[in-house]
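Engineer: whatever this is, show me its structure:
(one chain, ligands or ions: 1)
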Amino acid sequence: MSLFQAVEMAPRDPILGLNEQFAADTNPNKVNLGVGVYYDDNGKLPLLECVQKAEKLMMEAPKARGYLPIDGIAAYDSAVKSLVFGADSEPVKSGRVATVQALGGTGGLKIGADFLRKVRPDAKVLISDPSWENHRALFSQAGFTVEAYPYYVAARRGIDFDGMLTALNMAPQGTVVVLHACCHNPTGYDLTPAQWDQVIAATKARQLVPFLDMAYQGFGQGIQEDGAVIGKFVASGQDFFVSTSFSKSFSLYGERVGGLSVLCGTKDEAARVLSQLKIVIRTNYSNPPIHGGTVVATVLNTPELRTLWEKELAGMRVRIKQMRTALVEKLKTAGVQQDMSFITQQVGMFSYSGLAKEQMVRLREEFGVYGTDTGRMCVAALNSKNIDYVCQSIAKVL
Ligand code: PMP
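Structural biologist: All right, here's what the predicted structure looks like:
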């Protein structure tokens, strides 16, 4: 008998599986709104100018490639810390943040999950309902029982804030609560600052462990605005986790650049936490790769490139907002009677369109317009050439 005879076929990744289906589709008008990737108005994946300039600087001074330290490039880690907490913030100045370079935002989440599993083996993890597909899988694989707190309510097209708060207030002490810092994936609905205050009060009162997933800093309202929630958590006096991703904000998806920051009570505590994070990394992949981290560190730490990045990021953010406005207008023009203005209230890459599974399947099969079965569409993949076709297709299935 073969060693692997009993191995079952795992289900396809729901989103990446959609990509394969899209690639095989022969419809010449096909549009991929499935995966969370930003495309420019020509439908191309951007290669940011700040990235190209940083790479040019790197080419001009070529370096040999030794191993990086386990926690990554020091200049990168400190740039992440400054971006997330503020360069002059008290946590950064007092040295009580432990930051490591990670393989994308996913890597940051997994390092955090593995570390938490060691220090809080009995804790449960709460994620939003719905959430990014990988949250449940990732924390389950790390050994946790994962449950969900209410977040989106379809009937009202918005956040079930009372439900969310009730769930947090009932969670046992020590429960890990995964929160989307901005640009909630998949719904596009973010908490208001006043709602964040209530969430923060609840996690503090119940002694929960906040884990902020910040995969879209700068894609919502702006770099500072999106990061403001971190300042609120700091001000509350809680210790917490933040995972960072530069996949979208630098359009560096395949370089796997991200990080994990853990705010600790003291500098000494941060040193001990860092030593544990390093064990997680060392036993998984030893140390991170050089290229992507060097690009991001060069951009963030070179004032001229940093300014350019902020401008390019603002360009992506503004284009997404324009697509949202255009979507609402063009759906009306295409004959859609219902009020679709909720699309402009959502932020970030995604829109929960409110379309049912059957409608999403029809969009795919009859029109070659690909979104997820849950009705999620990536508005960052719309452009001036495909938006009319998308709107006409949606009008036909509504
Ligand atoms: N968290 C959320 C909410 C995401 O949407 C994503 C990316 N789709 C990630 C984490 C992972 O980011 P990365 O690709 O950098 O691993």
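Engineer: got the residues of the stretch 51-200 of the chain near the ligand?
Structural biologist: Gly104, Gly105, Thr106, Trp132, His180, Asn185 (Cβ under 6 Å from any ligand atom). In this view, the C-beta of every residue, glycine as well, is placed from N, C-alpha and C.
Engineer: tally of neighbours for Arg395?
Structural biologist: For residue 395 the amino acid is Ala, not Arg. For Ala395, the count of nearby residues is 16 (other Cβ atoms under 10 Å).
Engineer: contacts only, for the residue lying closest to it once chain neighbours are set aside.
Structural biologist: Closest residue to Ala395 apart from its sequence neighbours, by Cβ to Cβ, 6 or more residues apart in numbering: Ala334 at 3.8 Å. For Ala334, the contact set (Cβ atoms under 8 Å, 6 or more residues apart in numbering) comprises Asp388, Cys391, Gln392, Ile394, Ala395.
Engineer: which element, helix or strand, includes the last one?
Structural biologist: When you say that, I think you mean Ala395. helix 387-397 (DSSP states H and E).
Engineer: which residue does the stretch 251-398 of the chain have closest to the ligand?
Structural biologist: Gly258 (4.8 Å; Cβ to the nearest ligand atom).
Engineer: surely that residue meets Lys248?
Structural biologist: No. The criterion here is Cβ atoms under 8 Å, and Gly258 misses it with Lys248 at 10.6 Å.
Engineer: more crowded one of the two?
Structural biologist: The neighbour count for Gly258 versus Lys248, taken as other Cβ under 10 Å, is higher for Gly258 (29 against 23).
Engineer: which residues are in contact with Met360?
Structural biologist: So Met360 contacts Gly371, Thr372, Asp373, Thr374, Gly375 (Cβ under 8 Å, 6+ apart).
Engineer: quick check: buried residues in the host helix or strand of Asn134?
Structural biologist: Per DSSP H and E, Asn134 falls inside helix 133-141. Neighbour-count burial for helix 133-141, with 16 or more other Cβ atoms under 10 Å as criterion, is recorded at Glu133, Asn134, His135, Arg136, Leu138, Phe139.
Engineer: give me the mean pLDDT for it.
Structural biologist: Mean per-residue pLDDT for helix 133-141: 96.
Engineer: what does that helix contact?
Structural biologist: Contacts for helix 133-141 (Cβ under 8 Å, 6+ apart): 13-15, 106, 109-110, 113, 125, 127, 146, 148, 176, 178, 213.
Engineer: what's the first-to-last distance across stretch 285-292?
Structural biologist: Terminal residues of stretch 285-292 are spaced 16 Å apart (Cα to Cα, to the nearest Å).
Engineer: now do it, average pLDDT.
Structural biologist: Here the average pLDDT along stretch 285-292 is 98.
Engineer: which residues are in contact with it?
Structural biologist: Contacts of stretch 285-292 (Cβ under 8 Å, 6+ apart): 65, 67-70, 72-73, 101-103, 107, 246, 252, 255-257, 281.
Engineer: just the buried members of those residues?
Structural biologist: Counted by 16+ other Cβ under 10 Å, the contacts of stretch 285-292 give 68, 70, 72-73, 101-103, 107, 246, 252, 255-257, 281 as buried.
Engineer: quick one: least confident helix or strand in this protein?
Structural biologist: Lowest by mean pLDDT, DSSP states H and E among the helices and strands of the chain is helix 14-24, with a mean of 88.
Engineer: if anything else comes up later, I'll come back, but that's it for now.
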